[in-house]
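K.L.:
The following comprises the amino acid sequence and a computationally predicted model.
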Amino acid sequence: QAQYVESGGGLVQPGGSLRLSCAASGFTFSSYGMSWYRQAPGKERELVAAINNSGVITSYADSVKGRFTISRDNARSTVALQMARLKPEDTAVYYCTAPAVRPIYWGQGTQVTVSS
């Protein structure tokens, strides 16, 4: 089964930066697109960014476009999310997954808190 281990979260001041990383296993990583989701308290999980299997095509939620960058390393089966100019509304637990790998599994996520 697919497994995901997210890391890199923490407490950061508004305007700061963080780099999240996700290590994936249990499937042929290079064959699947990857996505980052986030879930804030009391809200539904939302798609933040996605990248295709080769890393050439990326897409972002309007709320993070121009501030976040998704990338992947197929040799290491990892996907990263570089976050810049963070805002308090970016506070959430961040998860990665390969949406096309079924059933969908979720890791434990990594907490990002943006606060002064």
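P.N.:
Thanks, I have the structure now. Numbering: from 1, shown residues only.

K.L.:
which SS state does the residue most central in space within the chain fall under?
P.N.:
The centroid of the chain falls nearest to residue 36 when counting by CA atoms, centre = their mean (2.9 Å). Classification of residue 36 using DSSP: H, G, I helix; E, B strand; the rest coil returns strand.

K.L.:
Assess the claim that it and residue 90 are in contact.
P.N.:
No: Residue 36 lies out of contact with residue 90 (CB atoms under 8 Å); the separation is 11.8 Å. For the C-beta atoms, the positions are set from N, CA and C on the backbone; glycine is no exception.

K.L.:
Can you report how many residues lie near the closest residue to residue 88 other than its chain neighbours?
P.N.:
Leaving aside its sequence neighbours, residue 88 sits nearest to residue 114 (CB to CB, 6 or more residues apart in numbering; 5.0 Å). The tally of other residues near residue 114 (other CB atoms under 10 Å) stands at 20.

K.L.:
where's residue 114 relative to residue 37, distance?
P.N.:
In this view, residue 114 and residue 37 are 17 Å apart by CB to CB, to the nearest Å.

K.L.:
As a check, name the ranges of all strands in this protein.
P.N.:
3-7, 10-12, 18-25, 34-39, 46-51, 58-60, 68-73, 78-83, 92-97, 110-114 (DSSP state E).

K.L.:
and the second one, what does it pack onto?
P.N.:
Secondary structure elements in contact with strand 10-12, counted by 3 or more CB pairs under 8 Å, 6 or more residues apart in numbering; DSSP states H and E, are strand 110-114.
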